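S.K.: okay, structure incoming, though there's no sequence with it:
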């Protein structure tokens, strides 16, 4: 009963390093999302994928890239990490996508950039 | 762009009492969905309740209910008979795009 699985759970990077956050869902959902959560700011959408083969920018896409590898997997890449990207990152999926679907979240990945 | 505002950073309630969390939003759309999500200390976000804007009837899920005022663009969450397990951050969300800053709810025994 995995749901949405994110890896890694914790990561410490130095400024300028790159890394990829992996996300996989086993619910056959069409839409997948990446959010970041910062204190006092709630969740902000970085990128989303409404369906396999498509990706779109959210509210805060700068400094990130994504890949919808297949229907199950949606990765988030930081090419050159900056301290401003220190945050908790959540992957989510939704059966229908768009506005109506309930979001199912992973457990989050805490990233610290020194 | 749509915005979501939660004006109460923190709220506190006595166990078994009722508490209401506020949320307002701004949109020019007529059809949309609103959600309340709960994030306990475990960090796992889970859906509490959902409201479809075209439905006038307020959504209810057991002890959780909403007061949806479309004209006022207000979407508050009422928790009745509060339990210790209700202690968490609560986020109001507009569709899948916009979340409020959250309200931290403390439940006192």
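M.R.: Sure thing, it's come through. The structure presented is a predicted model; accordingly, all values stated were derived computationally and were not measured.

S.K.: contacts only, for the most far-flung residue of chain B relative to its centre.
M.R.: Distance from the centre of chain B peaks at residue B:109, with 22.2 Å (CA atoms, centre = their mean). Residue B:109 makes contacts with B:15, B:84, as judged by CB atoms under 8 Å, 6 or more residues apart in numbering or on different chains. No exception for glycine: its C-beta is placed from N, CA and C like everyone else's.

S.K.: how does it look with 6 Å?
M.R.: residue B:15 (CB atoms under 6 Å, 6 or more residues apart in numbering or on different chains).

S.K.: likewise for residue A:33?
M.R.: Residue A:33 sits in contact with A:48, A:92, where contact means CB under 6 Å, 6+ apart.

S.K.: show me what from chain B comes close to chain A.
M.R.: Neighbours of chain A within chain B, by CB under 6 Å from any CB of the partner chain: B:32-33, B:43-45, B:47, B:91, B:95, B:97, B:99-102.

S.K.: now these in TSV, with distance to residue A:39?
M.R.: Output for the residues of chain B next to chain A, formatted as TSV (distance: CB to CB, whole Å):
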residue	distance to residue A:39
B:32	27
B:33	26
B:43	13
B:44	18
B:45	16
B:47	22
B:91	13
B:95	23
B:97	21
B:99	13
B:100	14
B:101	9
B:102	9
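
S.K.: make a PyMOL selection of the buried ones in these.
M.R.: Entered in PyMOL, the line below selects the buried ones among the residues of chain B next to chain A, by 16 or more other CB atoms under 10 Å in any protein chain shown:
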select buried, chain B and resi 32+33+43+44+45+91+95+97+99+100+101+102
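
S.K.: tell me which two of the residues of chain B next to chain A sit farthest apart.
M.R.: B:32 and B:43 (27.0 Å; CB to CB).

S.K.: done for today, thanks.
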